[in-house]
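Novice: quick one: sequence and predicted model below, then my questions.
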Amino acid sequence: MSLTNSPVIETQNLILRGPEKVDIEPTIAFLQNEERSIFFGALLNRGDAWRWFALNIGHWHLHGFGYFTIVTKGKEIAGLCGVWFPEGWPEPELGWVVFENFEGKSVAFEAAKAVRSWAYSNLGFTTITSNIVPENKRSIALAKRLNATYEKEYHNDNMGHCYMYRHPSAEDMKTN
């Protein structure tokens with residue numbers, strides 16, 4: 001059972017749903033794996049990782065959006081994708097991560113397209129960004145694959161030096 005008010009979004013290969021108790025351990029394992037989560041904000045202390053999981057639940061309740069859990073149609077928990085806008089962020093961000101063994105399978109691409117479409121059609125967003133640390137070449141490539149364009153560099157209080165990529169506007173999405 002979802003711990004939030006999130007909808008369920010189904011794509012061809014994925015189910016995007018709100019966080020559930022069953023997601024705690026896979027999410028903590030991801031956050032504590034510094035190599036996998038370095039660009040997301042590695043949290044090597046288990047308690048800090050648990051608090052991030054709870055933070056995402058609270059984010060859903062405060063904003064009406066947050067990170068969905070990505071689940072394959074085969075019922076495997078594959079990652080996180082959603083809209084993030086905590087204190088200190090310049091504007092709402094479309095973010096994604098995939099868990100170990102799910103990279104290179106278009107999971108993040110399929111999830112990000114679905115979440116972006118949902119944000120435009122259900123949240124009334126007209127545009128959205130993705131904030132990516134310069135060393136995260138895979139996420140930069142994915143942002144470009146999603147037709148997001150580099151907009152500027154800025155300092156993120158949590159992540160440090162970041163690139164901001166702007167996704168096509170909701171209006172542009174309708175005409176393309």
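Specialist: Arrived safely.

Novice: rest of the way, CA atoms for contacts and neighbours
Specialist: OK.

Novice: counting by contacts, list what the helix or strand harbouring G47 packs against.
Specialist: According to DSSP states H and E, G47 maps onto helix 46-63. If you count contacts as 3 or more C-alpha pairs under 8 Å, 6 or more residues apart in numbering; DSSP states H and E, helix 46-63 packs onto helix 24-32.

Novice: tell me where the protein has helices.
Specialist: 24-32, 34-37, 46-63, 107-122, 137-145, 170-175 (DSSP state H).

Novice: just put the ones you listed in JSON lines and tack on mean pLDDT.
Specialist: Shown next, in JSON lines, are the helices of the chain (pLDDT from 0 to 100):
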{"stretch": "helix 24-32", "mean pLDDT": "96"}
{"stretch": "helix 34-37", "mean pLDDT": "91"}
{"stretch": "helix 46-63", "mean pLDDT": "96"}
{"stretch": "helix 107-122", "mean pLDDT": "97"}
{"stretch": "helix 137-145", "mean pLDDT": "97"}
{"stretch": "helix 170-175", "mean pLDDT": "77"}
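
Novice: among these, which is nearest V8?
Specialist: helix 107-122 (10.4 Å; C-alpha to C-alpha).

Novice: compute the inter-axis angle for the closest one and helix 137-145.
Specialist: 50 degrees (axes from the mean of the first three to the mean of the last three C-alpha atoms, to 10 degrees).

Novice: CA atoms only for helix 107-122 - export them in CSV, please.
Specialist: Extracted in CSV, the C-alpha atoms of helix 107-122 (Å, rounded to 0.1, in the frame of the first residue of the first chain):
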residue,chain,number,x,y,z
VAL,A,107,14.3,2.2,-17.6
ALA,A,108,15.2,5.8,-16.7
PHE,A,109,14.3,7.1,-20.2
GLU,A,110,10.8,5.4,-20.1
ALA,A,111,10.1,6.5,-16.6
ALA,A,112,11.3,10.1,-17.1
LYS,A,113,9.2,10.6,-20.2
ALA,A,114,6.1,9.3,-18.3
VAL,A,115,6.8,11.5,-15.2
ARG,A,116,7.4,14.6,-17.4
SER,A,117,4.1,14.0,-19.2
TRP,A,118,2.3,13.5,-15.9
ALA,A,119,3.8,16.7,-14.5
TYR,A,120,2.6,18.7,-17.5
SER,A,121,-0.9,17.2,-17.7
ASN,A,122,-1.7,16.7,-14.0
